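**Student:** need the 3D shape of this:
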Amino acid sequence: MPPPFAHLAAKTCYSLRDAVIRPGELAEMAAELGMEAVGFADRDGLYGAVRVAQACRDAGVRPVFGADLALDLGERRAGWAARQG
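**Tutor:** Below is the predicted model of the structure:
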């Protein structure tokens, strides 16, 4: 029997321009594949957290919440470049 596996950085339709799958579809697929959990890491927020929690509850899958955050390094990056050259 293979070791347990769970995707930890799946994106849903709440990650505009990154994914189109709905939380319910992803939770159902994880359940069909025998996964006990699935991680959601949508872009720049937790906009779909309630719907994700409901979908996972209905599918019998444990949700793991996260966010894929974009950072604006601005002046830090400029300062780093100046120190390098």
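**Student:** looking at this protein, which helix or strand is least sure?
**Tutor:** Least confident helix or strand, the chain: helix 74-84 with a mean of 59, by mean pLDDT, DSSP states H and E.
**Student:** now what about stretch 11-21, what contacts it?
**Tutor:** With contact meaning CB atoms under 8 Å, 6 or more residues apart in numbering, stretch 11-21 is reached by 10, 22-23, 26, 40-43, 45, 47-48, 52, 68. C-betas here are computed from N, CA, C, even on glycine.
**Student:** try 10 Å this time
**Tutor:** The list of residues contacting stretch 11-21 from outside it, by CB atoms under 10 Å, 6 or more residues apart in numbering, reads 10, 22-27, 29, 40-49, 51-52, 55, 67-68.
**Student:** buried subset of those?
**Tutor:** With burial judged by 16 or more other CB atoms under 10 Å, the buried subset of the contacts of stretch 11-21 is 10, 22-24, 26-27, 29, 40-43, 47-49, 51-52, 55.
**Student:** average pLDDT across stretch 6-26?
**Tutor:** Mean pLDDT, computed over stretch 6-26, is 83.
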